[in-house]
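Novice: only the shape, not the letters, is given here:
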């Protein structure tokens, strides 16, 4: 597998090939972003698009990341992950190897922590990569 960070100037031509992978996690969010919002944040360089490619399968998934600037450090937020069915294990195994492009990118950008929101079902998948549940996010909609 290869994991490629797509440069901002290539987002528009890449988008038709990966849009369906972005739609998957957006169906499970709480309405904070639309497909158009994600596309525009990628075009503006506010977010980064990572594409996982398998030699014999083509694109197997995407990851969208954003930097979060806390007063004391910078984090890399795993904003959206979308993969082909039954490929998440390949994706995770490659993405969190010590020399993975995502980790190299984070180090080059002086990131102290990688974080993201995940459903409880993901916890079993990601704990072997040393991710841990730190807190629970709760929401209350206002009328």
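Specialist: Happy to help now that I have it. Just so you know, these numbers come straight off a predicted model, no measurement behind them.
Novice: list the buried ones in the longest strand belonging to the chain?
Specialist: Longest strand of the chain, by residue count under DSSP state E: strand 58-69. With burial defined by 16 or more other Cβ atoms under 10 Å, the residues of strand 58-69 counted as buried are 59, 60, 61, 62, 63, 64, 65, 66. Backbone N, C-alpha and C define where each C-beta goes, glycine included.
Novice: kindly reformat the residues you listed as CSV containing pLDDT and distance to residue 76.
Specialist: Shown next, in CSV, are the buried residues of strand 58-69 (pLDDT from 0 to 100; distance: Cβ to Cβ, whole Å):
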residue, pLDDT, distance to residue 76
59, 95, 22
60, 93, 21
61, 93, 17
62, 95, 15
63, 94, 10
64, 97, 11
65, 97, 5
66, 97, 8
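Novice: please, where are all the helices along the protein?
Specialist: 11-26, 35-43, 88-95, 101-108, 120-126 (DSSP state H).
Novice: so residue 126 touches residue 92, yeah?
Specialist: Yes - proximity of residue 126 to residue 92 meets the contact threshold set by Cβ atoms under 8 Å, at 6.8 Å.
Novice: circling back to that earlier point, pull the most distant pair out of the buried residues of strand 58-69.
Specialist: The distance between the two most remote of those (Cβ to Cβ) is 21.9 Å, for 60 and 66.
Novice: quick one: residues contacting the residue lying closest to residue 74 once chain neighbours are set aside.
Specialist: Spatial nearest neighbour of residue 74, excluding adjacent residues (Cβ to Cβ, 6 or more residues apart in numbering): residue 111 at 5.3 Å. Remark: with contacts taken as Cβ atoms under 8 Å, 6 or more residues apart in numbering, residue 111 is in contact with 67, 74, 75, 76.
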